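Trainee: Here is a sequence together with a model predicted from it:
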Amino acid sequence: MVQHSKLRKAVFPVAGLGTRFLPATKAVPKEMLTVVDKPVIQYVVDEAAEAGIEHFVFVTGRGKGVIEDYFDIQFELEQTLKARNKNAELTLLSGLLPKAGSASFTRQQEPLGLGHAVWCARDIVGDEPFALLLPDMIMRAEKGCLKGMVELYEKAGGNVIAVEECAPDQAHKYGIVGVGEQLEGGFRITEMVEKPAKGTAPSNFFINGRYILQPEIFAILETQERGAGNEIQLTDGMLKLAKTQPFAGYHFKGQTFDCGAKDGFILANVSFAIERADIRPTIEEPLKALLAALK
């Protein structure tokens, strides 16, 4: 067990425009699109809470005020539910509400990339480590992805990135890490390569959208030059940080749904729906019929 600072805060970059889901996202933030009956962002926040996160930092943008409203009391709704004796619904809503003062919101005025969004949270995070969870990615496993990362962080310290395995011939599509010394639950990362050319990837472990980072990343991002897409890239900042601090990879072995893509979003809805005892009986046979009709 190495000495480390306790992980208390998590950052959620929710300022993205969601253009892949237009026209829906013209009026509804992509993070508020629902998987069955909960917004995508709620699944990600739940994962953070399971891992012991105490302070939730949302980096928002123009048109994202509904996210802030969602994590607040809806007085009129609650009064109506009380008047109608909808106690189960009231209990559900109260269980989703963050404790007073445990959610913070800051603005990313310009869409300058993930690295810039992280930097926008610097004053709220302060001089302590933090988790970063990409809000499009819903993870499902017996143990939450971030919880497993925290366990590895408590043993290894430094910075931790969640990784999954892809088919080797698909490695050129992802950010790939090099595999070093084995650790319980993961390994030391020896290098990071963003979308390596075919046949040059150091492994088939790709970065899946969950990070635990030390606060020194903020000073790096503050002067980080724009990279791919003319944006401030987090990967570029992590490469600089890796010159002075260790990085470990947490091998996540559950399911990941990229809800920023239409196919991943639809798969998430189907997968979570068939796990629900109140829904599966009415959709199982229609789903089988739909699949059979495709043959």
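Mentor: Alright, I've got the coordinates. This one's a predicted model, so the numbers in the text were calculated from it and none came from an experiment.
Trainee: Quick check: Arg188 vs Ile266, distance?
Mentor: If you measure Arg188 against Ile266 using CB to CB, to the nearest Å, the figure is 37 Å. No exception for glycine: its C-beta is placed from N, CA and C like everyone else's.
Trainee: my guess is Gly237 contacts Ala219, does it?
Mentor: No - counting by CB atoms under 8 Å, no contact exists between Gly237 and Ala219, whose distance comes to 9.6 Å.
Trainee: between those two, which one's more packed in?
Mentor: Neighbours were counted for Gly237 and for Ala219 using other CB atoms under 10 Å; Gly237 has more, 25 against 14.
Trainee: Any figure for the gap between that one and Ala117?
Mentor: Gly237 sits 12 Å away from Ala117 when distances are taken as CB to CB.
Trainee: got the contact list for the nearest residue to Ser102 once chain neighbours are set aside?
Mentor: Leaving aside its chain neighbours, Ser102 sits nearest to His55 (5.5 Å; criterion: CB to CB, 6 or more residues apart in numbering). The neighbourhood of His55, defined by CB atoms under 8 Å, 6 or more residues apart in numbering, consists of 8-10, 102-104, 124.
Trainee: Looking only at neighbour counts, state which of Arg188 and Ile266 leads.
Mentor: Using other CB under 10 Å, the more surrounded residue of Arg188 and Ile266 is Arg188, with 17 against 13.
Trainee: Ramachandran coordinates for the more buried one?
Mentor: As for Arg188, its main-chain torsions (degrees, to the nearest 10) stand at phi -70, psi 140.
Trainee: Hmm, Gln245 and it touching each other?
Mentor: No - judged on CB under 8 Å, Arg188 makes no contact with Gln245 at a distance of 11.9 Å.
Trainee: what about Thr106, which SS state?
Mentor: Per DSSP: H, G, I helix; E, B strand; the rest coil, the local secondary structure of Thr106 is strand.
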